[in-house]
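J.: quick one, fold the following:
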Amino acid sequence: MDEARPLWATPLQFVFACISYAVGLGNVWRFPYLCQMYGGGSFLVPYLIMLTVEGMPLLYLELAVGQRMRQGSIGAWRTINPYLSGVGVASVVVSFFLSMYYNVINAWAFWYLFHSFQDPLPWSVCPLNGNRTGYDEECEKASSTQYFWYRKTLNISPSIQESGAVQWEPALCLILAWLLVYLCILRGTESTGKVVYFTALLPYCVLIIYLVRGLTLHGATNGLAYMFTPKMEQLANPKAWINAATQIFFSLGLGFGSLIAFASYNEPSNNCQKHAVIVSIINSSTSIFASVVTFSIYGFKATFNYESCLNKVILLLTNSFDLEDGFLTVSNLEEVKSYLASAYPSKYSEVFPQIKNCSLESELETAVQGTGLAFIVYTEAIKNMEVSQLWSVLYFFMLLMLGIGSMLGNTAAILTPLTDSKVISSYLPKEAISGLVCLVSCAIGLVFTVEAGNYWFDIFNDYAATLPLLLIVLVEAAAVCYLYGLRRFESDLKAMTGHALNWYWKAMWGGVSPLLIISLFVFYLSDYVITGTLQYQAWDASQVCKNTQPRSWAVSFSTWAAVKRVRFHPELPGGLCPLRPLRQGQARLEGMAPEELGGAGTGVYTGVARTEPGTERGTQEAGLHLLTQQRAAHQCFNNLDSRITAPGLRVSLGCPCTDTLIKKIYFLRKVIQLTNLDFFPCG
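T.: Model prediction:
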């Protein structure tokens, strides 16, 4: 043990450092999404159970290892067993991967924060087109908030292959974010210990302010009712339990080595068991609290959109049937619609396609997570608030503090093992090592500021740390319990803290928690294999969903599927489509006419689709995706000239209308196994 090792000034600094690290963006933008997806209040049941049997025990394990060994991840695991040095190295590598892209979120928060002082907010209105005769076409097809995110912030390219140039404004924000991180970690625990008071407490102040404001917004109760109304049938959904376990695992930041690094600066007698319980409970409570805030604002947004939709329908019917102003209201809308349909059937049939289906429930069911929630949905709600600039500044400042707090822990996971190394520290002072790590991470992070950078961000965010972290924590638990020895570790803890391990911690470390990690590992591994090709969401100015594959080296588990399907993202109309492949040979068509496949105007398609404004969302059924396009698909079906004689033969699509409806599409009257077919688009 190094007697000169720096220590936290007080145990409270250590607790705040752990809270600042654990309570991050996932608490704000992922947990509310999971509540929305898996039954509202009923999701709390698997979530709290997983906290008890997985999150809290593993958090205590890492804190105890760091405090006992008093070294970073590499040195701590080398002390336990020389063959376990690789576990610490793996933690450092994963933390370095995370540092490369995670700070980009802080750069985006800086970008939005700087623009929050404008009046009006730049994402509240669409810009004019080139000749200033109307609004920009891309913005009109999407929305002003989507346009500002994808075009002004990211200037996103149509695909990952079109890298584009570095966007200098986000790049400058990234440099600023790394400069801020460097200043916070410059003096080690001395500087970090002071910063964490701010990064840990300020987000709660903003959340409380937002809660008070959110509860006073029109429609907030609709969102809260949706959140707290349990759907108990979701308890039988295995994905609800898997996602609860995953959320607990990654929210606490297990496996990165950050918690081990923080605990290594504790006094040996520190009660890390008590602190593990406190941090776990505060982290989960923050997730629930943030969900209340999110759903109150989400209810306001959903109600606003619902009432705006109704007002558009009222205006349309009033103008179409020359009704008196004020005659048609929300309360009598359905009654008047029924009367108009029966009294003026021909005229109503002409107007009917323009009448939108307004539903508050569908607005509330629109599930969004990640950057879509933080930079699109929230900004959509903020722009409709009074004094929107104030709420925007508070919100993005809170995001920045959450992101910086997580980065402090992430950089500690890298720097602590490096500064513990006598080989490196003998040549470079601590400040130089910190600066070098920040400089290298910032330089590599510029990749995420090119036009295709957001695609790489999504790939790294989804795949860079998932499986490695599960494997790291599994080895950690096995190493402590079966290599170092649970009894030996128990005696070490008793000698340090004066508290013996009870049966709960022993049972969790020795069996329950590792089994849960193995289950998660098998699930994610099988999901990669079964799902097939790993893909990403692509945005295109013309609203085209592109089925583009990521670079082969970006992920490890990638299989090719012969048939792809496109599923439309509900919250991003027409523009952004998550693409999920089918297994080879899964899709077949049993020689049915369009009318038999779901009514007039319905066609079955695979491949790449283009959607027009107003197009209904597709649904997936028996491996086929059905797209409604109001008679266009039916006409296209009749005009189609498909010539197929054997598997592997090239198919020519002689349909003049498919180029504006669907590329790489075919409709087959015969039973066809979709294998080894080459497609040629119309025209």
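
J.: S95 contacts G255, correct?
T.: No - judged on C-beta atoms under 8 Å, S95 makes no contact with G255 at a distance of 9.3 Å. From N, CA and C alone the C-beta is placed, and that goes for glycine too.

J.: the two - which one has more neighbours?
T.: Neighbour count, other C-beta atoms under 10 Å: between S95 and G255, G255 has more, with 30 against 27.

J.: in which helix or strand would I find the more buried one?
T.: For G255, there is no host helix or strand (DSSP states H and E).

J.: can you report phi and psi for it?
T.: The phi and psi values for G255, taken as degrees, to the nearest 10, are phi 90, psi -20.

J.: that one - nearest residue in space that isn't next to it in sequence?
T.: Distance criterion C-beta to C-beta, 6 or more residues apart in numbering; nearest residue to G255, sequence neighbours excluded, is L469 at 3.8 Å.

J.: continuing past the helix or strand harbouring that neighbour, what's the next helix or strand?
T.: Element membership of L469, judged by DSSP H and E, is helix 466-478. The helix or strand immediately downstream of helix 466-478 is helix 486-497, counting by DSSP H and E.

J.: mean confidence score for the helix or strand that comes right after that next one?
T.: The C-terminal neighbour of helix 486-497 among helices and strands, as given by DSSP H and E, is helix 503-507. Mean pLDDT, computed over helix 503-507, is 94.

J.: cool, stretch 113-131 as well?
T.: In this model, stretch 113-131 has an average pLDDT of 89.

J.: on that earlier part again, show me what the helix holding L469 is packed against.
T.: Secondary structure elements in contact with helix 466-478, counted by 3 or more C-beta pairs under 8 Å, 6 or more residues apart in numbering; DSSP states H and E, are helix 56-69, helix 85-115, helix 238-251, helix 513-531.

J.: got the ones you listed as CSV, with distance to W505 columns?
T.: Formatted as CSV, the helices and strands packed on helix 466-478 follow (distance: least, C-beta to C-beta, whole Å):
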stretch, distance to W505
helix 56-69, 6
helix 85-115, 21
helix 238-251, 17
helix 513-531, 10
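
J.: out of those, which is closest to A412?
T.: Ranking the helices and strands packed on helix 466-478 by distance to A412, with C-beta to C-beta as the measure, places helix 85-115 first at 8.8 Å.

J.: quick one, what contacts the closest residue to G66 other than its chain neighbours?
T.: In space, and not counting its chain neighbours, G66 is closest to A263: 3.1 Å by C-beta to C-beta, 6+ apart. A263 is in contact with 14, 62-67, 272, counting by C-beta atoms under 8 Å, 6 or more residues apart in numbering.

J.: which one's the longest helix in this protein?
T.: The residue-count maximum for a helix in the chain (DSSP state H) belongs to helix 272-320.

J.: please, where are all the strands along the chain?
T.: 538-539, 563-566, 576-577, 579-582, 602-605, 608-609, 619-621, 624-628, 651-652, 662-663, 679-680 (DSSP state E).

J.: least confident of these, on average?
T.: strand 563-566 (a mean of 26).

J.: circling back: and of the contacts of A263, the nearest to Y298?
T.: Out of the contacts of A263, the member with the shortest distance to Y298 (by C-beta to C-beta) is E62, at 34.1 Å.

J.: which residues touch the closest one?
T.: For E62, the contacting residues are 254, 259-260, 263, 476, by C-beta under 8 Å, 6+ apart.

J.: make it 7 Å
T.: Taking C-beta atoms under 7 Å, 6 or more residues apart in numbering, we find E62 in contact with 254, 259-260.

J.: next one: C272
T.: Neighbouring residues of C272 by C-beta under 7 Å, 6+ apart: 60, 63-64, 67, 263, 266.

J.: of those, buried ones?
T.: With burial judged by 16 or more other C-beta atoms under 10 Å, the buried subset of those is 60, 63-64, 67, 263, 266.

J.: thinking again about what came up before, closest to T419 out of the helices and strands packed on helix 466-478?
T.: helix 85-115 (12.1 Å).

J.: so what's the gap between the closest one and the chain middle?
T.: Between the centre of helix 85-115 and the centre of its chain there are 15 Å (C-alpha atoms, centre = their mean, to the nearest Å).

J.: any buried residues in it, and which?
T.: Quick answer for helix 85-115 (16+ other C-beta under 10 Å): 85, 87-113, 115.

J.: and the gap between the residue lying closest to G164 once chain neighbours are set aside and E137?
T.: Residue nearest to G164 in three dimensions, not counting chain neighbours: E451, with 2.6 Å by C-beta to C-beta, 6+ apart. The gap separating E451 from E137 is 19 Å, by C-beta to C-beta, to the nearest Å.

J.: tell me which of the two has more neighbours.
T.: Between E451 and E137, counting by other C-beta under 10 Å, E451 is the more crowded of the two (18 against 13).

J.: point out where this protein drops to low pLDDT.
T.: Residue ranges of the chain with pLDDT under 70: 1-3, 367-369, 531-536, 540-683.

J.: tell me the domain ranges of it?
T.: In terms of domains, the chain is parsed into 11-301+369-528, 302-365 (source: automatic domain parsing).

J.: dump the ones you listed to CSV, plus distance to A538.
T.: Below are the domains of the chain laid out as CSV (distance: least, C-beta to C-beta, whole Å):
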stretch, distance to A538
domain 11-301+369-528, 6
domain 302-365, 24
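
J.: and of the ones you listed, who's closest to A4?
T.: domain 11-301+369-528 (11.5 Å).

J.: how far does the closest one sit from its chain's centre?
T.: 11 Å.

J.: for that domain, measure first residue to last.
T.: One end of domain 11-301+369-528 sits 42 Å from the other (C-alpha to C-alpha, to the nearest Å).

J.: picking up where we left off before, identify the residues contacting the residue nearest to G255.
T.: L469 makes contact with 94, 254-255, according to C-beta under 7 Å, 6+ apart.

J.: and which of the residues you listed is nearest E334?
T.: The nearest member of the contacts of L469 to E334, counting by C-beta to C-beta, is L254 at 52.1 Å.

J.: how many neighbours does the closest one have?
T.: Count around L254 with other C-beta under 10 Å applied: 24.

J.: surely it and P57 touch.
T.: No - if you go by C-beta atoms under 7 Å, L254 and P57 don't touch, sitting 10.3 Å apart.

J.: I'd guessed P514 sits against V475; true?
T.: No - the pair P514 / V475 is not scored as a contact, 9.6 Å apart, by C-beta under 7 Å.

J.: ramachandran angles for the closest residue to K152 other than its chain neighbours?
T.: With C-beta to C-beta, 6+ apart as the criterion, K152 has its nearest non-adjacent residue at 7.1 Å, and that residue is P122. When read as degrees, to the nearest 10, the backbone of P122 gives phi -60, psi -20.
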